[in-house]
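> just to be clear, the model below is a prediction. Sequence and coordinates:
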Amino acid sequence: MRLRPAPARSRRCATEGSNRRVEQARRALAVVAVAVSLYYLYWRQAETFNPAAPTFSWLLYGAEVFGFVTTVLFYFTVWRPRERTAPPPLPGRSVDVLVPTKNEPLAVLRTTLLACNDLRYPHRTLVLDDGARPEVEALCAELNCVYLARRSSEHAKAGNLNFGLAHSRAEFVALFDADHVPLPHFLDRLMGYFADDSVGFVQVPQEFYNVDSIQHRWDRKGKRIWAEQYLFFSVIQPGKDRWNAAFFVGSCAILRRTALEDIGGFPTGSITEDMLTSIRIHARGWASVYHREFLAYGIAAQTLAPFAIQRQRWGVGNWQVFAKANPLFLPGLSLPQRLCYLGSMIYPLEGLQKIIFYATPPIALVTGVLPMRALDAEYLLHFVPYFAISTWAFNEMARGVGGQVMLEQYSMAKYFTYLETLVIPLIPGKGKVFKVTPKARVVGASGLILPQLAVFFSSLAATVWALASLLLGRRSDGFIVAVNSFWALYNSGLAATIVGFGSAKVRQRRAEFRVPETVVASFRPAGDGSGAERFGVVEDLTPDGAGLVSVGQVPQGPIELSLLLPRAALRLRCRVVRCRSARIGNREALQLGLEFLDVPQDARDVLSRYLHEAAVSRFMKEHALGYQTWLERRLSRRDGLPDRAGRSLAYLPVLLRERAGQVSTAAMKDLSATGLLLVNARQRSPGERLGIEVVLGEERIALTGQVVRSSALPGEEYPEYLAGIRLDGECSQEARRLTEVASRIDELVHGEPRTE
């Protein structure tokens, strides 16, 4: 008997049911973890304090209590995250887009303004230039944006935004930092929320596309991305939204003018004017909306220096907001709102907690003094279950984007910066300085890793000292040494990871992230109009160059590249700056690094629009941004799906024979012995038959097949479609031969073949 798939509604209901079971189980686990933690903390205080070292005992205990408090606030915030569906857009409303800038590179600002001009909902774009730069004024004149510059720059970003607000009469203002590029449908997706007159602002996640930055971990082969801020934007903000406490985060948001006027404009007195704005809007009774969809992409801090600048600004600003609008006492907030704000404001105290955790093992190893009466089996019988259940519950409540070890690594990266934020506000004038996060790679910041090096060497030296003392018979507390050595080595491993990762980012030579792509291109020697045209596939792209995969001979001298983008074919002059090769039988597969030469501004603008309004979205949507937790794997419904044949990534150009005898191009994304996946410029209908020619240098391999699925890729301005093709049986031999080629090309692109 052949099983038929369940109707879509049945599958959806089953999925919703399994999701409910997972959520119920993880909330029950969180309750158990809180109960176990309370017992552990009671036992620690009542039974384990070392009377010979009371200060040491209280410091470690205080760090543990702080961890418990922040965890409980986290559980409360994310107890039931809210998921929203965008309502239809609200027509006929006036919107001004504000783009504050100070010293960002002109190319970065130009990219953002081009995208702002492409927003489909009627609007004006106002550039608020606190740098009063003539080149920015000229750029605004060229792109038909309104240019505004203040005579003075008091109150930093908040003052700049208020200056822009004074020159606007629109009902709504949308805000984008100079490096945040909105998608064309940004306003259309969000304006519908303002049909509710109580909504003061709508916020979306701040997502960053340069996933080779200091705050990202990118598994290219596994198609996974982890970022330090995903926990906040994917779980905490939706959790806050359930309690009407979502933050305005300074960019990628729309605010209602009357809500801003109700609080006297963007509040000054804090370098995190965004948090102060949102808490005052909430205190006045306005509602907020958090729409969890990536509708704009920015540039993340690429190295430790800008990362530290940004985190320091957030930490100092937090304390300024706490002083001006303490959520515990500010009138107008609900109890859930107070708790949500409190949980986010006290996080810089983590710096104190972490330095206690980092210092405890070396002190214990060198001095033999413990912050508890005894470190023995009884202690471990209490600590290990508490630690294991707490870690499990946290990872479950983080919904697959937490990553305990990853978060601990970044806590190591930030601990000293957070300690600084406790001191900086006490220094007259220093705490009020607003520093723009650098958008480029910053080198020469080796001093920033000194705190991590201190942890690394002190932990390692203390371990060696204690082990040597044991071997020499100077001490006999082997169990205590073993436990603290494990803890110290764990801390030194965290520190070594950050030192190594941060140093690698500083040494990274590329100035701009190469967006992975799959675009067909043709090329020939420059100036040789009669030369034979060859085809290849662009596998990554920037405004300044591309990675091209091709089969054939290495081109000599400059080449002319025709980049076959949807609705646009760009002819660019290039030079080969890098070549890697792999032998495939009697063929040579090439991966060429191309540098564009003398690109006209109009062509550069087309590239910029395509990259940021289409290619970036496609790239990000191909990746998973989290992992399945244990409860999700055990309790989620998994429908029986047929196994797919093993597939190889392929970067092969394809010619398609259309019905009317026309020939169109497509790029092959992956390939198996029975089918392939194409990127092409036309929506294909299931059942449509295609004649396919795979281009291998001068050779053409003919295949035939049938379209079995087709879907649109992100990027409405540059439409492209995925087509899944099932190959005819008589093509199996040629398909198997092509899979060998595709496999070698995959190794060439992602492996370490010979470099010429």
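It's in.
> which element is residue 408 on?
helix 404-423 (DSSP states H and E).
> list the buried ones in that helix?
406-421 (16 or more other Cβ atoms under 10 Å). Quick note: C-beta positions are derived from backbone N, CA and C, even for glycine.
> what about whichever strand in the chain runs longest, average pLDDT?
Across the chain, the longest stretch assigned as strand under DSSP state E is strand 568-584. Averaging pLDDT along strand 568-584 gives 90.
> likewise for stretch 264-277?
Here the average pLDDT along stretch 264-277 is 91.
> would you put the C-alpha positions of that stretch in CSV?
Written as CSV, here are the backbone C-alpha positions of stretch 264-277 (Å, rounded to 0.1, in the frame of the first residue of the first chain):
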residue,chain,number,x,y,z
GLY,A,264,9.7,65.5,24.0
GLY,A,265,11.6,63.9,21.1
PHE,A,266,14.6,61.6,21.2
PRO,A,267,15.8,61.9,24.8
THR,A,268,19.3,63.1,25.5
GLY,A,269,21.7,62.4,28.3
SER,A,270,22.6,58.9,27.3
ILE,A,271,24.8,57.5,24.6
THR,A,272,22.2,54.7,24.2
GLU,A,273,19.4,57.0,23.2
ASP,A,274,17.5,54.1,21.7
MET,A,275,16.9,52.3,25.1
LEU,A,276,16.0,55.6,26.8
THR,A,277,13.6,56.4,23.9
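> so which bits of stretch 75-82 are buried?
In stretch 75-82, counting by 16+ other Cβ under 10 Å, buried: 75, 77-79, 81-82.
> now do the strands in the stretch 251-400 of the chain.
253-256, 287-290, 296-298 (DSSP state E, counting those that start in this stretch).
> mind putting the ones you listed into TSV with distance to residue 224, mean neighbour count and mean pLDDT?
As requested, those are arranged in TSV below (distance: least, Cβ to Cβ, whole Å; neighbours: other Cβ atoms under 10 Å; pLDDT from 0 to 100):
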stretch	distance to residue 224	mean neighbour count	mean pLDDT
strand 253-256	28	25	98
strand 287-290	24	24	98
strand 296-298	18	23	96
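> just the ones of the buried residues of stretch 75-82 in helices?
Counting by DSSP state H, the part of the buried residues of stretch 75-82 found in helices is 75, 77.
> which pair of the buried residues of stretch 75-82 spans the longest distance?
The span of these, defined through Cβ to Cβ, is set by 75 and 82 at 15.8 Å.
> so where's the stretch 251-400 of the chain shaky on pLDDT?
Filtered on pLDDT under 70, the stretch 251-400 of the chain yields no residues whatsoever.
> picking up where we left off before, and the furthest pair within the buried residues of helix 404-423?
Greatest spacing in the buried residues of helix 404-423, by Cβ to Cβ: 406 and 420 (22.9 Å).
> before we move on, the earlier item: in a markdown table, list the strands of the stretch 251-400 of the chain along with distance to residue 602.
Supplementary listing: the strands of the stretch 251-400 of the chain in a markdown table, determined by distance: least, Cβ to Cβ, whole Å:
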| stretch | distance to residue 602 |
| --- | --- |
| strand 253-256 | 31 |
| strand 287-290 | 38 |
| strand 296-298 | 23 |
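> circling back to that earlier point, helices and strands around the helix holding residue 408, which ones?
Judged by 3 or more Cβ pairs under 8 Å, 6 or more residues apart in numbering; DSSP states H and E, the packing partners of helix 404-423 are helix 304-324, helix 350-367, helix 377-397, helix 450-471, helix 478-507.
> pull the distance from that helix to the chain's centre.
19 Å (Cα atoms, centre = their mean, to the nearest Å).
> helices or strands up against the longest strand of the chain?
Right, strand 568-584 is packed against strand 545-551, strand 559-565, strand 587-597, helix 601-610, helix 732-750 by 3+ Cβ pairs under 8 Å, 6+ apart.
> please identify the most buried of these.
Comparing the helices and strands packed on strand 568-584 by mean neighbour count (mean count of other Cβ atoms under 10 Å), strand 545-551 comes out on top with a mean of 24.
> what lines up beside that strand in the sheet?
The pairing partners recorded for strand 545-551 under DSSP bridges are strand 534-542 (antiparallel), strand 587-597 (antiparallel).
> buried residues, stretch 612-625. List them.
Quick answer for stretch 612-625 (16+ other Cβ under 10 Å): 612-620, 623, 625.
> now, the residues you listed that are in helices?
616-620.
> let me see the ranges of the helices in the stretch 51-200 of the chain.
54-77, 106-117, 134-143, 156-166, 186-190 (DSSP state H, counting those that start in this stretch).
> so can I have a markdown table of those showing distance to residue 43 and mean pLDDT?
Shown next, in a markdown table, are the helices of the stretch 51-200 of the chain (distance: least, Cβ to Cβ, whole Å; pLDDT from 0 to 100):
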| stretch | distance to residue 43 | mean pLDDT |
| --- | --- | --- |
| helix 54-77 | 11 | 97 |
| helix 106-117 | 54 | 96 |
| helix 134-143 | 62 | 97 |
| helix 156-166 | 48 | 94 |
| helix 186-190 | 50 | 97 |
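> between these, which gets nearest to residue 269?
Smallest distance to residue 269 across those (Cβ to Cβ): 8.1 Å, for helix 156-166.
> list the buried ones in the closest one?
Buried residues in helix 156-166 (16+ other Cβ under 10 Å): 156-165.
> what separates that helix from the chain centre, distance-wise?
28 Å.
> beta-bridge partners for residue 207, please?
residue 297.
> wait, which of the helices and strands packed on strand 568-584 is closest to residue 27?
helix 732-750 (40.5 Å).
> out of the strands paired with strand 545-551, the one nearest residue 269 is which?
That would be strand 534-542 among those, by Cβ to Cβ, at 40.2 Å.
> now find how far off-centre that closest one is within its chain.
Distance, centroid of strand 534-542 to centroid of chain: 25 Å (Cα atoms, centre = their mean).
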